[in-house]
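Asker: missing the sequence, but the structure's below:
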């Protein structure tokens, strides 16, 4: 809150300085400042504190900062544009998340590590029993089947930020960088199952957070899987709230009407599928952490995707997982992540 106030005051001081050129302050907020909603659409231009509650303190402090921004805009005359991304994921075409392992990447990495742990334990009867236990307790996803999540690829957010800098009409507006093709929890579970090969089961978010997760964490720690236990705990604390009832259905359109962004927003299911593939092949479910190595892999990954699309004549996200892997292994050695001769 104080940080937002300091940034606004700094921008205002620049705007009011003698001889100052045109100053525009761009505030990056979140679509989830509306908190939980019931049977109503979250209006794009409105800032109304919810009758229910927020998912976390992040949303609450973002809403407080938005109020401070409104005050500085109206009372002090600061030229400010307010951009509100929803849940940001990787690039819509490549899944590239620049090494991020949080938010939506957290459950993907947790399920991927669970699958790897189960596969590694299949050699003997005792190991198969432990693998069954991990599969039974570590493959739950906290989400109501009908819950809809608003995921927006990072390239759409970047488009919006850059456009706002060249469109004076965005000043004084609240613009949601969100999507109109949301994805349901059951779709997330299905795509994760198809791409990673683990049978993800949807669990009641409240029960998962308060009962299942503590039991799962204790069992995995005692079973010698502390990293997996930690990953699943992050899944519950970071992501669990967004799979519950009452998440806002956003009124969107100002990104097109004011900023001039393309009317057709990225396909959310395709973007999520490529996020799964990127986490699996490029970052190996969060194990590849060196930024130089990630950058090397990103370059080869993007080139391979372009070659595959040129060969098949359609988006790689539309290819079934087995077919995509076959084309990918023709171009890259997945053990070394180097081009094949």
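Answerer: Okay, I see it. No experiment lies behind these values; they were computed from the predicted model shown.

Asker: show me how far stretch 242-251 is from its chain's centre.
Answerer: 15 Å (Cα atoms, centre = their mean, to the nearest Å).

Asker: what comes up buried for stretch 97-107?
Answerer: 97, 99-101, 103-107 (16 or more other Cβ atoms under 10 Å). Every residue, glycine included, has its C-beta placed from N, CA and C.

Asker: ok now it, how far from the chain's centre?
Answerer: 7 Å.

Asker: straight-line length of that stretch, end to end?
Answerer: 14 Å (Cα to Cα, to the nearest Å).

Asker: now do that stretch, average pLDDT.
Answerer: For stretch 97-107, the mean pLDDT works out to 79.

Asker: how many other residues sit next to residue 50?
Answerer: Neighbour count of residue 50, defined by other Cβ atoms under 10 Å: 17.

Asker: so it: helix, strand or coil?
Answerer: coil (DSSP: H, G, I helix; E, B strand; the rest coil).

Asker: what's the burial count for residue 51?
Answerer: Neighbours of residue 51 using other Cβ under 10 Å come to 9.

Asker: gap between it and residue 43?
Answerer: To residue 43, residue 51 is 15 Å away according to Cβ to Cβ, to the nearest Å.

Asker: one more: residue 297?
Answerer: Applying Cβ to Cβ to residue 297 and residue 43 gives a distance of 42 Å.

Asker: what does residue 215 give?
Answerer: 41 Å.

Asker: and for residue 177?
Answerer: 16 Å.

Asker: now stretch 31-49: buried residues?
Answerer: 31-37, 42, 44, 47.

Asker: any chance of these in TSV, plus pLDDT, distance to residue 62 and secondary structure?
Answerer: Converted to TSV, the buried residues of stretch 31-49 look like this (pLDDT from 0 to 100; distance: Cβ to Cβ, whole Å; DSSP: H, G, I helix; E, B strand; the rest coil):
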residue	pLDDT	distance to residue 62	secondary structure
31	90	10	helix
32	88	7	helix
33	87	5	helix
34	86	11	helix
35	83	10	coil
36	82	15	coil
37	77	16	coil
42	85	14	strand
44	87	16	coil
47	83	11	coil
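
Asker: pick out the most distant pair among the residues you listed.
Answerer: Pairwise distances among the buried residues of stretch 31-49 were taken by Cβ to Cβ; the largest, 17.6 Å, belongs to 36 and 44.

Asker: output the contacting helices and strands for the longest helix seen in the chain.
Answerer: Using DSSP state H to define each element, the chain has its longest helix at helix 291-312. Here helix 291-312 touches helix 321-331, strand 332-333, going by 3 or more Cβ pairs under 8 Å, 6 or more residues apart in numbering; DSSP states H and E.
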